[in-house]
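Peer 1: Compute the structure for the input listed below.
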Amino acid sequence: MNTNPSSTMEGDEAATVMEKDLQSLEAELSKQRDLYLRMTADFDNFRKRTAQDTNRRAAAQKEGFIRDLLPVLDNLERALSSRSPSTTEQLREGVQMTLQQVKQLLHRHGIELEESLGKPFNPHWHEAVATHQDQSKPDQVVLETYQQGYRRGNEVFRPAKVVVNHLNPDPSTHNGA
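Peer 2: Below you'll find the predicted structure:
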């Protein structure tokens, strides 16, 4: 056993230094834990605010569209409740004006009519509901449109339902076989 007083004193100093280091590390750990908890809470609050803002914007857009749609509904209701004897031509003209109003409404909201008649069939823009053979028209061209297609920018909003000219009735040659 070493009973040298100087070595005992060095051990006490080392223990004191280690204890101070341990306290310093515990304080730093506590500080980092608090920082982590604050950042987690801030991020959670940010996520909740972002979700609320997104929901508010979506609701405002829906409300705006509905407000734009109400005058169209008003015109249709006025046309149906009219007691004055109107001719078929006047009724047709009123429906055409209301249809134009709906198209303008869609345009304001970024929805555009996609003209398909006479254009080459494109499976991304068209849904073929039938085929016909018309020798006077090119193969794979749209002959009729059953239901209009709409787009938003360059994206399909709703594909058009069309009749396609199919001049090659032999499936083996059409599939490239």
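
Peer 1: make it CA atoms for all contacts and neighbour counts henceforth
Peer 2: Will do.

Peer 1: Report all helices and strands that the strand or helix carrying Gly64 contacts.
Peer 2: Here Gly64, judged by DSSP states H and E, is contained in helix 5-81. Counting contacts by 3 or more CA pairs under 8 Å, 6 or more residues apart in numbering; DSSP states H and E, helix 5-81 is packed against helix 88-108.

Peer 1: how much distance is there from the helix it packs on to the middle of the chain?
Peer 2: Relative to the centre of its chain, helix 88-108 is centred 28 Å away, using CA atoms, centre = their mean, to the nearest Å.

Peer 1: strand partners of the helix or strand just after that helix, parallel vs antiparallel please.
Peer 2: Following helix 88-108 in sequence order, the next helix or strand is strand 111-114 (DSSP H and E). According to DSSP bridges, strand 111-114 forms sheet pairs with strand 149-152 (antiparallel).

Peer 1: which parts of the partner strand are buried?
Peer 2: 149-152 (16 or more other CA atoms under 10 Å).

Peer 1: contacting residues for Arg56?
Peer 2: By CA atoms under 8 Å, 6 or more residues apart in numbering, no residues touch Arg56.

Peer 1: can you offset everything so residue one is 10?
Peer 2: All right, first residue 10 from here; so that's Arg65.

Peer 1: Next one: Asp77 from Leu115, what distance?
Peer 2: With distances taken as CA to CA, to the nearest Å, Asp77 is found 9 Å from Leu115.

Peer 1: and what of Leu44?
Peer 2: From Leu44 to Leu115 the distance is 50 Å (CA to CA).

Peer 1: These two: who's more crowded?
Peer 2: Leu115 (18 against 12; other CA atoms under 10 Å).

Peer 1: Show the model's pLDDT score for that one.
Peer 2: Confidence at Leu115, expressed as pLDDT, is 90.

Peer 1: was I right about it contacting Glu121?
Peer 2: Yes - Leu115 is within contact range of Glu121, at 6.8 Å (criterion: CA atoms under 8 Å).
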